[in-house]
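> sequence? don't have it. structure:
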């Protein structure tokens, strides 16, 4: 967007009169509130804001935001969102999808919206299950997930949304979770990024996949397992008693103890959001041996697709007037005289 | 379901699946007319030649924008790969149909009604970014007028009827007779790229004294209002198609007429000879009929879409 005018709104201005229909206790409520809290802080204009979703629990989201909204077809939200942004680059586009919609049926579209770097915020609600269809395993379900479609436990290895996004060429990759107080800050960073900003939001499906993220996303007591990344700051967690270092021999990240806050002595590395190599390591950091990497993992903008399209169209049309008649008469045309064909 | 304008051009090939990727066929007619989940009628237009494609595309856009609906424009491999001399039209001679966008709330007390229909049955087109007209659309059934999610029985009935009536009520020009006249012994009814060979075959048959006319249908769905009455004015109706008889079935269904199929699915267009032979079989006792001179089709015999004198 070209320096949009900031509008004064409140959380209430972003609520529709529609009844919000998710299961009681669903993590989607917390994400909805976080977004509705963030939009006024960003000075967004409801008339210039568009929420576009695919299909699934997450994708009911646009019905509850008082802006323009399109609940599209399964997996195809990126295609529609790309069209909206190309038709009017002034619009602030938010894409809402889930692990099924965005990585199963819509994985291909997701890849291309990231690769093309269309300027929008992409929120992928990851609950590691198909909630709307009553609990079948999804492409992000962990090995061994027992579900109606995997009664003996799932055997296929899960997709990693952030690794997928980075691999597809995303220039902004971030993580948050539904009840995190930091989620609005992650959303603001995504909004500030010019280009496709991918945010994986862990979301608790309390009916079909309850508390699978509790080890790092429980409302209380899981803070020590959260590595909140901040540009220019050392990668510390567990209240600053632990940190992440790079083993220069194995070229792998490692957890180190930090004594008395002396992170330099422990060789804890400083997060640089533009370091793509470290970003590749962060998105694949296995949870368990490592804390969950959260916040902005990677942020290194490149010109966005729609900005380049607009620039190219301007360049190609410079000094030209649209003329349909001239266009039709182009190519192999000749004039038939009333007397017949002109003499050779 | 969202009732947004869209034009889909289906240049048909031999199917199913990847089928014959470079060959021609007309076998997507059922898909175009019927092939959706739910009751989702959609206008279908078929171009008969490269030249005709120009006007058909404009007509498809006109219907899409005026009625807020997707439109299917059917061509096929034969048209897509063909070329012919074309008199370049003057764009000024085409009737304009500028898109109308809603800029103010259209309901009582400043309320926005995104699915309030106009006299054509179309809903307003609202550009995202317009102040004060924020609304949500999607694939879930909508309440009449407001467009809010609504699964209630009476509402779904009303919306299904409204969508059906909108498409059924699309105004299309009356069906003309391409060669011959209304009424008589036989009408050869075609659609799409079979125009050329049918045209020539009917002309040749008429020169031999056969009472046969050629009708070529552009508006596959909805059909011209006079088409049923026109077809019923002939004793017999023959429908040549490059499929297994899809348009024939639609005509039988819509008008309860005993339309006879003439089908070919070899990936090749009809030859004039094949059609002449089929026409002649309806005219026993006239020289040139099936019992008299039989024209053997050959591979060299190509259709002549421009209708030049033979």
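Received the coordinates, thanks. These figures come from a predicted structure and were not determined experimentally.
> who touches residue A:259 in this structure?
A:265, A:266 (Cβ atoms under 8 Å, 6 or more residues apart in numbering or on different chains). (Glycine included, C-beta is placed from N, CA and C.)
> now the residue in chain A that chain B sits nearest to. Its backbone dihedrals?
Chain B sits closest to residue A:71 of chain A, with a gap of 2.7 Å, by Cβ to the nearest Cβ. Backbone torsions of residue A:71, given as degrees, to the nearest 10, read phi -90, psi 100.
> what do you get for residue A:114?
Main-chain torsions, residue A:114, degrees, to the nearest 10: phi -70, psi -50.
> please apply the same query to residue A:124.
Main-chain dihedrals, residue A:124, degrees, to the nearest 10: phi -100, psi 110.
> one more: residue A:68?
According to degrees, to the nearest 10, residue A:68 has phi -80, psi 140.
> try residue A:80
Dihedral angles (degrees, to the nearest 10) for residue A:80: phi -70, psi -40.
> looking at the chain, which helix is longest?
Unless you meant another one, I'm taking chain A. Ranked by residue count and defined by DSSP state H, the top helix of chain A is helix A:27-42.
> that's the wrong chain, I meant chain B
helix B:50-67.
> pull out the buried residues from the longest helix of chain A.
A:27-36, A:38-40, A:42 (16 or more other Cβ atoms under 10 Å in any protein chain shown).
> so what's residue A:255 up against?
Residues counted as contacts of residue A:255 (Cβ under 8 Å, 6+ apart) are A:242, A:243, A:244, A:245, A:289, A:290, A:291.
> again with residue A:31
Applying Cβ under 8 Å, 6+ apart, we find residue A:31 in contact with A:61, A:123, A:125, A:178, A:183, A:201, A:203.
> which of those lies closest to residue B:143?
Using Cβ to Cβ, residue A:61 is the member of those that lies nearest residue B:143, at 19.5 Å.
> what number of residues lie near residue 7?
You didn't pick a chain, so chain A it is. Using other Cβ atoms under 10 Å in any protein chain shown as the criterion, residue A:7 is surrounded by 16 other residues.
> I was after chain B.
Other residues close to residue B:7 by other Cβ under 10 Å number 18.
> the closest residue in space to it that isn't next to it in sequence and residue B:172, how far apart?
Distances taken as Cβ to Cβ, 6 or more residues apart in numbering or on different chains place residue B:60 nearest to residue B:7, at 4.7 Å, with adjacent residues excluded. For residue B:60, the distance to residue B:172 equals 12 Å [Cβ to Cβ, to the nearest Å].
> so between the two, which is more surrounded?
residue B:60 (25 against 17).
> surely that one is in contact with residue B:46?
No - the criterion here is Cβ atoms under 8 Å, and residue B:60 misses it with residue B:46 at 10.4 Å.
> common neighbours of these two, please.
Residues touching both residue B:60 and residue B:46 by Cβ under 8 Å, 6+ apart: residue B:73.
> follow-up on the earlier one: out of the contacts of residue A:255, who's nearest residue A:262?
Taking Cβ to Cβ as the measure, residue A:262 sits nearest to residue A:243 out of those, at 10.2 Å.
> many thanks, have a good one.
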